[in-house]
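Visitor: predicted model and sequence below, questions to follow.
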Amino acid sequence: MGYHIRAFFTGWLLLYLFGMPFLSGCVSYESEVESINIRDLAEIEEEGVLRVVTSYSPVSYFIYRGQPMGYEYELLKYLEKNLGVTIDLKIARDFNDMFEMLQTGEVDLIAYNLTITRDRREFLEFSSPLNTTHQVLIQRKPENWRTMRVHETERMLIRNPIELGGKTIHVRRGSSYHERILNLQNEIGETIDIVEADSGVTTEELIRMVAEREIDFTISDENIARLNQAYFPILDVRTELSLPQQTAWAVRKNAPDLLEALNDWLAHFSRQTDFFVIYNKYFENRRAFTIRADSDLMFSTGGNISEYDDIIKKYAEDLGWDWMLLAALIFQESQFNPEAVSWAGAMGLMQLMPSTADAFGAEDPFDPEQNIRAGVAFLKWLQNYWTPHIPDENERIKFILASYNVGHAHVQDARRLAEYFGADPTIWDGNTARFMNKKSMREYYTHEVVRFGYARGLEPVMYVQNISYLYNHYTSVSAIRNLTREATPLAGEH
């Protein structure tokens with residue numbers, strides 16, 4: 001899967017989406033209009049790629065212990081199989097980015113927990129509903145609530161929405177919560193001070209801010225609120241602010257065939273056990289949510305990819321690689337288990353064979369630092385080996401990765417086959433990789449240019465692909481996190 005980050009807003013789009021001027025305190029954004037790309041199912045199937053956008057959150061999409069996870073992420077894996085295409089997943093900071101990327105044709109599908117509203121139906125086509133929920137007020141209980149009687153606590157909480165008059169509520173930018181509060185003001189005849197959080201501040205982050213007394217109120221869907229309450233018991237989430245609402249994914253209005261295919265898949269899949277297992281995993285399993293939220297290995301929300309990140313960064317710098325690429329390789333090898341042993345006897349985080357461990361100085365291959373130091377020394381050897389053969393640095397990394405998996409001699413065989421049959425032996429994808437894959441076929445591993453015989457060629461091809469896939473996940477989430485840190489935490493919009 002490929003990833004791409006977009007980080008600008010368009011005033012005309014927000015005017016179209018919400019029917020109001022685009023104002024955010026004293027900050028202004030230039031209108032940036034792009035032509036809408038007409039792309040439906042036929043074009044998607046012809047290219048073999050479905051472009052999808054989501055946003056990271058502790059429910060929809062996140063990196064935990066080095067592994068991409070999430071409700072939307074897991075559903076997309078099933079959709080990918082159903083449509084027979086590759087999903088190119090892009091990560092957006094907020095709703096406005098997602099809406100813009102869809103309208104301009106950068107993506108074909110928003111896979112996120114979007115509330116179906118009348119205003120959004122003006123410019124989106126929603127899928128069949130995935131879930132039904134309602135919006136609730138997130139507020140704090142009194143500090144000593146555990147020692148208070150229930151009726152005493154109740155007197156200190158807002159139970160009637162009329163009591164929100166004059167209060168300040170922070171909501172996620174571009175969310176349906178903002179629209180709901182605007183309507184609520186009219187319903188109660190009172191002014192509510194609405195503050196829209198800046199780009200990249202998630203609903204979950206706002207909920208945390210309420211729990212930690214940084215803000216007083218926010219709004220969330222009830223299923224998200226209940227998960228977070230398990231982690232922050234001081235929160236109260238019982239005050240409903242809306243009628244039941246449906247949530248769904250969305251496509252452009254000029255993609256009816258894609259919408260039909262999506263709905264056909266949902267109609268079938270939503271009746272299967274796997275659908276309910278995924279829902280329960282992310283919305284009902286409060287213990288698992290609490291463990292993830294409390295973990296230093298929740299990379300999406302400021303933690304680490306692994307507990308070995310400092311060692312990985314240290315030796316990746318020596319190698320001249322992005323440390324997240326080395327982390328992706330280590331995850332692929334051992335899932336960050338320093339005690340891992342393969343069927344072939346490979347050991348530790350980087351799955352060193354005994355001869356490799358000896359040759360590169362790992363006396364104890366189960367020691368994380370020794371293992372990574374030796375593995376990186378081997379990668380440096382491969383890097384020096386391939387530099388004269390593969391001039392492009394990005395291509396060279398693919399040859400290094402393949403060699404780490406299957407050995408440089410077999411990769412050279414694949415290059416010789418590629419050159420013999422007219423492909424480019426300095427390019428991996430579609431060229432050398434194609435003939436690496438063929439090294440398990442007798443007519444190729446016995447070919448006159450092949451010197452090292454049979455190899456399970458699919459394995460190194462998938463190895464390179466899987467590491468590239470993980471690396472793209474890591475870098476995309478890291479880029480969003482960095483953009484979020486640069487943003488003002490809360491930008492007022494009143």
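Guide: Alright, I've got the coordinates.
Visitor: can you pull out the low-pLDDT segments for the protein?
Guide: 1-37, 199, 483-494 (pLDDT under 70).
Visitor: my guess is residue 363 contacts residue 371, does it?
Guide: No: here residue 363 lies out of contact with residue 371, judged by CB atoms under 8 Å, at a distance of 10.5 Å. Backbone N, C-alpha and C define where each C-beta goes, glycine included.
Visitor: show me which of these two is the more surrounded one.
Guide: Taking other CB atoms under 10 Å, residue 363 and residue 371 do not tie; residue 371 has more neighbours (28 against 9).
Visitor: list the helices and strands the lengthiest helix in the chain packs on?
Guide: Secondary structure assigned by DSSP state H gives helix 458-486 as the longest helix of the chain. Using 3 or more CB pairs under 8 Å, 6 or more residues apart in numbering; DSSP states H and E as the contact criterion, the elements in contact with helix 458-486 are strand 62-64, strand 86-92, helix 323-334, helix 393-406, helix 433-437.
Visitor: counting contacts, what elements does the longest one pack onto?
Guide: Using 3+ CB pairs under 8 Å, 6+ apart as the contact definition, the elements that helix 393-406 packs against are helix 323-334, helix 368-386, helix 408-420, helix 433-437, helix 458-486.
Visitor: relative to helix 393-406, how tilted is the second one?
Guide: Put simply, helix 368-386 runs at 120 degrees to helix 393-406, going by axes from the mean of the first three to the mean of the last three CA atoms, to 10 degrees.
Visitor: off-centre distance for helix 368-386?
Guide: Mean-position distance between helix 368-386 and its chain equals 29 Å (CA atoms, centre = their mean, to the nearest Å).
Visitor: which of the residues in it are buried?
Guide: Neighbour-count burial for helix 368-386 flags 368-383, 385-386 (criterion: 16 or more other CB atoms under 10 Å).
Visitor: which non-adjacent residue is nearest residue 235?
Guide: residue 229 (4.8 Å; CB to CB, 6 or more residues apart in numbering).
Visitor: ok, that neighbour - contacts?
Guide: 235-237 (CB atoms under 8 Å, 6 or more residues apart in numbering).
Visitor: wait, residue 414 sits on residue 428?
Guide: No: judged on CB under 8 Å, residue 414 makes no contact with residue 428 at a distance of 9.4 Å.
Visitor: quick one on the thing from earlier: sitting in strands, which of the contacts of residue 229 do you find?
Guide: 235-237 (DSSP state E).
Visitor: burial measure for residue 253, as a count.
Guide: 14.
Visitor: now the helices and strands packed on helix 458-486 as CSV including distance to residue 206 and mean neighbour count?
Guide: Formatted as CSV, those follow (distance: least, CB to CB, whole Å; neighbours: other CB atoms under 10 Å):
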stretch, distance to residue 206, mean neighbour count
strand 62-64, 17, 22
strand 86-92, 17, 22
helix 323-334, 28, 23
helix 393-406, 39, 21
helix 433-437, 45, 23
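Visitor: please enumerate the helices of the stretch 251-400 of the chain.
Guide: Taking DSSP state H, counting those that start in this stretch, the helices of the stretch 251-400 of the chain run over residues 256-269, 273-279, 286-293, 309-319, 323-334, 354-359, 368-386, 393-406.
Visitor: and those helices: which comes nearest residue 136?
Guide: Taking CB to CB as the criterion, residue 136 comes closest to helix 286-293 out of the helices of the stretch 251-400 of the chain, the separation being 15.9 Å.
Visitor: list the buried residues of that closest one.
Guide: By 16+ other CB under 10 Å, the buried positions in helix 286-293 come out as 289, 292-293.
Visitor: which one of the residues you listed sits closest to residue 421?
Guide: Checking those one by one against residue 421 (CB to CB), the nearest turns out to be residue 292, at 48.4 Å.
Visitor: isn't that closest one up against residue 64?
Guide: Yes: under the criterion of CB under 8 Å, residue 292 makes contact with residue 64 at 5.5 Å.
Visitor: anything in contact with each of those two?
Guide: residue 298.
Visitor: helix/strand/coil for residue 194?
Guide: Each residue gets one of three states, and residue 194 gets strand by DSSP: H, G, I helix; E, B strand; the rest coil.
Visitor: could you find the closest non-adjacent residue to it?
Guide: Closest residue in space to residue 194, ignoring its immediate chain neighbours: residue 181 at 5.3 Å, by CB to CB, 6+ apart.
Visitor: now the one you found: which helix or strand?
Guide: Counting by DSSP states H and E, the element that carries residue 181 is helix 176-188.
Visitor: CA atoms of stretch 255-275 as PDB?
Guide: Output of stretch 255-275 as PDB, limited to C-alpha atoms (Å, rounded to 0.1, in the frame of the first residue of the first chain):
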ATOM      1  CA  ALA A 255     -19.100   6.900  -8.500                       C
ATOM      2  CA  PRO A 256     -22.400   5.000  -8.500                       C
ATOM      3  CA  ASP A 257     -20.800   1.700  -9.500                       C
ATOM      4  CA  LEU A 258     -18.300   1.800  -6.700                       C
ATOM      5  CA  LEU A 259     -21.100   2.600  -4.300                       C
ATOM      6  CA  GLU A 260     -23.100  -0.400  -5.500                       C
ATOM      7  CA  ALA A 261     -20.100  -2.700  -5.200                       C
ATOM      8  CA  LEU A 262     -19.400  -1.400  -1.700                       C
ATOM      9  CA  ASN A 263     -22.900  -1.900  -0.600                       C
ATOM     10  CA  ASP A 264     -23.100  -5.400  -2.100                       C
ATOM     11  CA  TRP A 265     -20.000  -6.300  -0.100                       C
ATOM     12  CA  LEU A 266     -21.400  -4.800   3.100                       C
ATOM     13  CA  ALA A 267     -24.700  -6.500   2.700                       C
ATOM     14  CA  HIS A 268     -22.900  -9.900   2.600                       C
ATOM     15  CA  PHE A 269     -20.100  -9.200   5.000                       C
ATOM     16  CA  SER A 270     -22.200  -7.600   7.700                       C
ATOM     17  CA  ARG A 271     -24.000 -10.800   8.200                       C
ATOM     18  CA  GLN A 272     -20.800 -12.800   8.700                       C
ATOM     19  CA  THR A 273     -19.200 -13.700  12.100                       C
ATOM     20  CA  ASP A 274     -16.000 -11.900  11.100                       C
ATOM     21  CA  PHE A 275     -17.800  -8.500  11.000                       C
END
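Visitor: can you list contacts of it?
Guide: 39-42, 44, 75, 78-79, 82-83, 108-109, 125, 127-128, 130, 249, 251.
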